[in-house]
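Asks: build me a structure from this.
(one chain, ligands or ions: 1)
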Amino acid sequence: MSDGLQLRGIAKRFGARTVLADVSFDVAPGEIVAVVGPSGCGKSTLLSLLTGAQRPDAGEIRYGGAATAEAGRPFAYMPQRDVLLPWRRILDNAAIGLEVAGLPRAEARRRAGALFDAFGLAGTEDRFPRQLSGGMRQRVSFLRTVVQQRPVLLLDEPFGALDAITRDELQRWLLGIWDSQGWSALFITHDIREAVRMADRVLVLGGGRIAGEVGVTRDIPRGDGFRADPRVPGLEERVHALLRAAAMPGTPVAQGPA
Ligand SMILES: Nc1ncnc2c1ncn2[C@@H]1O[C@H](COP(=O)(O)OP(=O)(O)OP(=O)(O)O)[C@@H](O)[C@H]1O
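Replies: Residues are numbered from 1 along each chain as shown. Okay, the predicted model is just below:
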């Protein structure tokens, strides 16, 4: 397959420590893929190799059949922390990625401003980040990421810093946007329930490799019916089992139904 994102044999060492030994997987166009793994297994490192912030020691990253360096920068990256600039107004914060990419300020503001309604942010354009709730600030971060119109979103724990209620609200909101936009995304999370709810596939990273994956069918309701769906606990348990095996290599993993 040459469509979408392909990682093949990715390795990354820091000094004598091999963090990623041999990572290979694909993200198809429109597919949402979650990466879970024990703390320190290299999840953020993996994203930094995709954004180009660091270089792999071995392996290939391709998009649409070409090396990502030549593929017109396919990624928009949303970092883990809320990195809105406190001294810039919300609209200027939302437009900053486009400005950095070289768009004139007025055009960057126009494009970002056009999304404020859809992101539930209408009326906040002239406020400062401190005047918004955590959930709203996170939506500004999403807006700033997606307005760059790159085909693959890279999200590092996008809901990590939010309380449970805001997290649930934003998950539902993002699922709705994903459904209507058809972006692909690779996102990191520590929350197995969140991974199963949001992703088409959950990859477990451990021991420097993809230790296993769990597919989630799209006919599981992701909104109100999600918690009550009888298939969800089994999917979560399969991810847990892979994580346990990744934390303790050598442990056999029970094979559940596909
Ligand atoms: N620039 C660096 N130099 C040296 N070691 C690094 C560097 N970046 C990451 N590491 C090490 O690589 C390992 C993986 O780090 P990484 O942040 O990718 O893990 P993670 O899976 O994202 O962790 P967490 O879930 O705790 O956020 C850690 O042991 C970390 O200390």
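
Asks: ranges for the strands of the stretch 51-200 of the chain?
Replies: Here the stretch 51-200 of the chain has its strands, by DSSP state E, counting those that start in this stretch, at 58-63, 66-67, 75-78, 152-156, 184-188.

Asks: how about these in CSV, adding distance to F25, mean neighbour count and mean pLDDT?
Replies: Just so you know, the C-beta spots here come from the backbone N, C-alpha and C atoms, and that holds for glycine as well. Putting these into CSV (distance: least, CB to CB, whole Å; neighbours: other CB atoms under 10 Å; pLDDT from 0 to 100) gives the following:
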stretch, distance to F25, mean neighbour count, mean pLDDT
strand 58-63, 11, 17, 92
strand 66-67, 17, 11, 76
strand 75-78, 15, 21, 88
strand 152-156, 13, 23, 92
strand 184-188, 9, 23, 93
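
Asks: which of these sits closest to the ligand?
Replies: Closest to the ligand of the strands of the stretch 51-200 of the chain, according to CB to the nearest ligand atom: strand 184-188, at 6.8 Å.

Asks: that closest one packs against which elements?
Replies: strand 17-27, strand 32-36, helix 43-51, strand 152-156 (3 or more CB pairs under 8 Å, 6 or more residues apart in numbering; DSSP states H and E).

Asks: sorry, back to before: a markdown table for the strands of the stretch 51-200 of the chain, including distance to R167?
Replies: Formatted as a markdown table, the strands of the stretch 51-200 of the chain follow (distance: least, CB to CB, whole Å):
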| stretch | distance to R167 |
| --- | --- |
| strand 58-63 | 30 |
| strand 66-67 | 36 |
| strand 75-78 | 15 |
| strand 152-156 | 14 |
| strand 184-188 | 13 |
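
Asks: adding distance to the ligand, write these out as a markdown table.
Replies: Converted to a markdown table, the strands of the stretch 51-200 of the chain look like this (distance: least, CB to the nearest ligand atom, whole Å):
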| stretch | distance to the ligand |
| --- | --- |
| strand 58-63 | 16 |
| strand 66-67 | 22 |
| strand 75-78 | 14 |
| strand 152-156 | 8 |
| strand 184-188 | 7 |
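
Asks: who wins for proximity to M248 among these?
Replies: strand 184-188 (21.7 Å; CB to CB).

Asks: and the closest one, which strands flank it?
Replies: Each strand paired with strand 184-188, and its direction, by DSSP bridges: strand 32-36 (parallel), strand 152-156 (parallel).

Asks: G37 contacts G208, doesn't it?
Replies: No - G37 lies out of contact with G208 (CB atoms under 8 Å); the separation is 10.2 Å.

Asks: those two: who's more crowded?
Replies: Between G37 and G208, G37 has the larger neighbour count (other CB atoms under 10 Å), namely 22 against 19.

Asks: L175: how many residues sit nearby?
Replies: That count, for L175 with other CB under 10 Å as the rule, works out to 16.

Asks: over to the one 3 residues further on?
Replies: Neighbour count for W178, taken as other CB under 10 Å: 17.

Asks: how far away is the closest residue to it other than its chain neighbours from the ligand?
Replies: In space, and not counting its chain neighbours, W178 is closest to I32: 6.3 Å by CB to CB, 6 or more residues apart in numbering. Distance, I32 to the ligand, using CB to the nearest ligand atom, to the nearest Å: 19 Å.

Asks: re the thing from before, which of the helices and strands packed on strand 184-188 is buried the deepest?
Replies: strand 32-36 (a mean of 25; mean count of other CB atoms under 10 Å).

Asks: quick one, that strand and helix 43-51 angle?
Replies: 140 degrees (axes from the mean of the first three to the mean of the last three CA atoms, to 10 degrees).

Asks: ok, M248 - contacts?
Replies: For M248, the contact set (CB atoms under 8 Å, 6 or more residues apart in numbering) is empty.
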